[in-house]
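Asker: Sequence isn't available, so here's the structure alone:
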């Protein structure tokens, strides 16, 4: 799995239909119509997300590693 930054993951989520509902400090909160899931993506410049957090967010969003390309 390739590590991505919070900014990169945010762009991928938006391409797959997720909407930014609010920003709380450095965390971007996303939701998707028809889903009860809320994703909190930490955006700290270009620092990469930790692998475990990244894997969890991808799984909760219903995406795969291939979607990050």
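Answerer: It's in. Here the structure is a predicted model, which means the values were calculated and not measured.
Asker: Near the closest residue to residue 37 other than its chain neighbours, how many other residues are there?
Answerer: Spatial nearest neighbour of residue 37, excluding adjacent residues (C-beta to C-beta, 6 or more residues apart in numbering): residue 60 at 5.6 Å. Every residue, glycine included, has its C-beta placed from N, CA and C. Residue 60 has 14 neighbouring residues, counting by other C-beta atoms under 10 Å.
Asker: Give me the secondary structure label for residue 60.
Answerer: Recorded secondary structure, residue 60: helix (DSSP: H, G, I helix; E, B strand; the rest coil).
Asker: With residue 29 as the reference, measure out to it.
Answerer: Counting by C-beta to C-beta, to the nearest Å, the gap from residue 60 to residue 29 is 13 Å.
Asker: which residues are in contact with both of those two?
Answerer: By C-beta atoms under 8 Å, 6 or more residues apart in numbering, residue 60 and residue 29 have these common neighbours: residue 39.
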